[in-house]
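1. sequence and computational prediction follow.
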Amino acid sequence: MKERLMILGAGVMQGPAIRIAKEMGLFTIAVDADPGAPCVDLADRFEQIDLKDKEGIEALGRSLRRQEGGLGGIMTAGTDFSATVAWAAERLGLPGIPYEAALNASDKERMRRCFKNAALPSPEFTILSAVPPRWPPASGALAGYPLVVKPVDNMGGRGCRRADCFAELRAAVEDALSFSRSGRAIVEAFMAGPEFSVDAIVYGEDITICGLADRHIFFPPYFIEMGHTMPTVIETARQEEILETFRAGIRALGIAGPGHAGAAKGDVKLGPSGPMIGEIAARLSGGYMSGWTYPYASGVEPVRGAILACLGRKPEGLAPRKHWTSAERAFISIPGTVRAVYGTEAARQHPQVKDLFFRVAPGSRVTFPENNVTKCGNVITAAPDRERAVEAAEQAARSILIRLEPGDEETGAFLAGWDSPAGAAGSTTFPPDAFSLTAELRALLTRLPEGRAAAEQAAGEPAILAFPEFAAAGLRDYMGRTVAESLAAVRLLTGLSLPLTEVSSDNKTVLGRSFWAALVRGGYQGAAYFIDGGRAFG
């Protein structure tokens, strides 16, 4: 009879846990509220239970324990339900961490208090249950800006944003409260500096580090992770400072301790005065780190160690067997409805590309990301050296082209904002333009002729009125595409040759200022949408 393991979640992030557990000879029971979750069929058995229903999970565990074969352990990876795991494990007498420790790592208010009590470096904070009528709300509260606002009990960057004034703070608190299951938001002092992700396996008081990655964060006032690169390139001494602070945070939360077994994932910033703890969760990371990039970079599967720990066995085989680089990069979209996705095969043809993940398909609604679950997909690469891994990941991500349906009000409204403050060079207005123009280039664009459509249009294809100053400026969009690469993408999507021309060259339809404005605002997607909508021909 196979030993049985319950895994909370049957999504993509739990796929490695299900697969590896089966490779280890375990009988896997996946639990998820969604019977259509991507990895349901990968498990030996599926149970449909909401992961917030800790009593329901416990009841399933008791039922399994009464059956022949029993239940050896319970775990999760990449979800925010480590408290449910701890609750069930504690009541079923299975290996795990204390429920109170899991709550410390799931509730940002409790987390910050634990760090404060342990005198660990983390930001000053206050808790709100309603939008404040003024700021600061009370004597001694945080007064200066910038501030960061988050729900106390959510993950993936949902409802998390920076505020630089009171009006932004009010909007941020309202947003954070809408994402909080408990109706609380945490307001913190902003932490400057680069950010890093760390994974660890915890067994008793032993904390085994399983990866330290550079996080690549963009698009203020939100904190959108457009990828991570494993391992970090910072100097060894600074790495050890980060890791020691992370270990101390794990202990302060109560995750590590005699008889405890589990995992921890941390986000740490390296500020001017040293490391500061962003967050620590009592689980392995989502975001493709524990299940993909660290295994590709090191030859080690942290998930295997987490499974051993939750079964009460000492994790083994966690020493790196190779020293490669693995890079993950996201691809995104402007608002609209997906008409088609191009470039999948081109992305897969890169020899360093290991995986390609999509969150969208034709018919999907898309938006410019405000959190880390509204991106369109991710590509993962691995190579013996960092340069090749990063270059391949970024090239593959640029290979994915998302064409939008014409006539969409949200897309049209987005593109109409090309002359808003979002386009100014250095602007932090959200959403940003695909290309950030200097004031000089913006003035040239404004004066560019609209182009013309001949009274009797020629049978041939339209041409594009040349904008040589833009093409020569060396600008790249937020995915790293040049102007020339963006125009090539437009030609691919539309099937038009779109030669560059002068307005007086011949009797053809000429795409002028509005075409270039759509390209500046929405990148290749905006320009293709402009053409698909027929606006160039009327």
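-> All right, it came through fine.

2. which non-adjacent residue is nearest Trp526?
-> Quick fix: residue 526 reads Gly, not Trp. Excluding the flanking residues, the one nearest Gly526 by Cβ to Cβ, 6 or more residues apart in numbering is Ala518, at 4.0 Å. C-betas here are computed from N, CA, C, even on glycine.

3. SS state for that neighbour?
-> helix (DSSP: H, G, I helix; E, B strand; the rest coil).

4. for it, give me its contacts.
-> Going by Cβ atoms under 8 Å, 6 or more residues apart in numbering, Ala518 touches 415, 418, 526-527, 529-530.

5. the same query, at a cut-off of 6 Å, please.
-> For Ala518, the contacting residues are 415, 526-527, 530, by Cβ atoms under 6 Å, 6 or more residues apart in numbering.

6. check Ile402 too.
-> 333, 338, 341.

7. what's the closest non-adjacent residue to the first one?
-> Same thing as Ser333. The shortest distance from Ser333 to any non-neighbouring residue, by Cβ to Cβ, 6+ apart, is to Val366 (4.1 Å).

8. against Thr374, how distant is the one you found?
-> Applying Cβ to Cβ, to the nearest Å, the value for Val366 to Thr374 is 8 Å.

9. thought Gly11 was touching Gly36?
-> No. Gly11 is beyond contact range of Gly36, at 10.5 Å (criterion: Cβ atoms under 6 Å).

10. more neighbours: these two, which one.
-> Using other Cβ atoms under 10 Å, the more surrounded residue of Gly11 and Gly36 is Gly11, with 17 against 7.

11. isn't Cys160 up against Val149?
-> No. In this structure, Cys160 is not within contact of Val149 by Cβ under 6 Å, at 7.1 Å.

12. can you give me the neighbour number for the closest residue to Leu445 other than its chain neighbours?
-> In space, and not counting its chain neighbours, Leu445 is closest to Trp516: 5.9 Å by Cβ to Cβ, 6+ apart. Trp516: 25 surrounding residues under other Cβ under 10 Å.

13. just for the stretch 301-450 of the chain, where's the confidence low?
-> Residue ranges of the stretch 301-450 of the chain with pLDDT under 70: 419-428.

14. for it, what spans make up the helices?
-> Ranges of helices in the stretch 301-450 of the chain, per DSSP state H, counting those that start in this stretch, are 302-310, 344-348, 386-399, 409-415, 439-447.

15. can you lay out the ones you listed as TSV showing mean neighbour count and distance to Ala88?
-> Formatted as TSV, the helices of the stretch 301-450 of the chain follow (neighbours: other Cβ atoms under 10 Å; distance: least, Cβ to Cβ, whole Å):
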stretch	mean neighbour count	distance to Ala88
helix 302-310	26	11
helix 344-348	15	40
helix 386-399	21	38
helix 409-415	17	42
helix 439-447	14	58
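
16. I'd like those helices as JSON lines, with distance to Glu68 appended.
-> Below are these laid out as JSON lines (distance: least, Cβ to Cβ, whole Å):
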{"stretch": "helix 302-310", "distance to Glu68": "21"}
{"stretch": "helix 344-348", "distance to Glu68": "45"}
{"stretch": "helix 386-399", "distance to Glu68": "47"}
{"stretch": "helix 409-415", "distance to Glu68": "55"}
{"stretch": "helix 439-447", "distance to Glu68": "72"}
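
17. looking at these, which is nearest to Ala472?
-> The closest approach between Ala472 and any of these, judged by Cβ to Cβ, belongs to helix 439-447 at 10.2 Å.

18. which secondary structure elements does the following helix or strand past the closest one contact?
-> Moving toward the C-terminus from helix 439-447, the next helix or strand (DSSP states H and E) is strand 463-465. Judged by 3 or more Cβ pairs under 6 Å, 6 or more residues apart in numbering; DSSP states H and E, strand 463-465 is in contact with strand 510-511.

19. off-centre distance for the strand it packs on?
-> Distance of strand 510-511 from its chain centroid, counting by Cα atoms, centre = their mean, to the nearest Å, is 38 Å.

20. could you chop the protein up by domain?
-> 4-94, 124-189, 192-323, 326-404, 409-537 (automatic domain parsing).

21. for the most centrally placed residue in the chain, list the residues it contacts.
-> Closest to where the C-alpha atoms of the chain average out (Cα atoms, centre = their mean) is Asn372, at 3.3 Å. Contacts for Asn372 (Cβ under 6 Å, 6+ apart) come out as 156-157, 225.

22. do the same with Leu169
-> Neighbours of Leu169 in contact, by Cβ under 6 Å, 6+ apart: 135, 163.

23. Ala346 too?
-> Applying Cβ under 6 Å, 6+ apart, we find Ala346 in contact with Ser399.

24. helix or strand for Thr208, which one?
-> Secondary structure from DSSP H and E places Thr208 in strand 206-218.

25. may I see the buried residues of that strand?
-> Residues of strand 206-218 classed as buried by neighbour count (16 or more other Cβ atoms under 10 Å): 207-217.

26. columns pLDDT and distance to Leu51 on top of those residues, output as JSON lines?
-> As requested, the buried residues of strand 206-218 are exported to JSON lines (pLDDT from 0 to 100; distance: Cβ to Cβ, whole Å):
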{"residue": "Ile207", "pLDDT": "98", "distance to Leu51": "26"}
{"residue": "Thr208", "pLDDT": "98", "distance to Leu51": "26"}
{"residue": "Ile209", "pLDDT": "98", "distance to Leu51": "27"}
{"residue": "Cys210", "pLDDT": "97", "distance to Leu51": "24"}
{"residue": "Gly211", "pLDDT": "96", "distance to Leu51": "25"}
{"residue": "Leu212", "pLDDT": "98", "distance to Leu51": "28"}
{"residue": "Ala213", "pLDDT": "98", "distance to Leu51": "26"}
{"residue": "Asp214", "pLDDT": "98", "distance to Leu51": "30"}
{"residue": "Arg215", "pLDDT": "97", "distance to Leu51": "26"}
{"residue": "His216", "pLDDT": "97", "distance to Leu51": "29"}
{"residue": "Ile217", "pLDDT": "97", "distance to Leu51": "27"}
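
27. so which of those residues comes closest to Ala77?
-> Cys210 (11.7 Å).

28. distance check, that closest one against Pro315.
-> Taken as Cβ to Cβ, the span from Cys210 to Pro315 is 10 Å.

29. and Leu496, by the same measure?
-> 57 Å.
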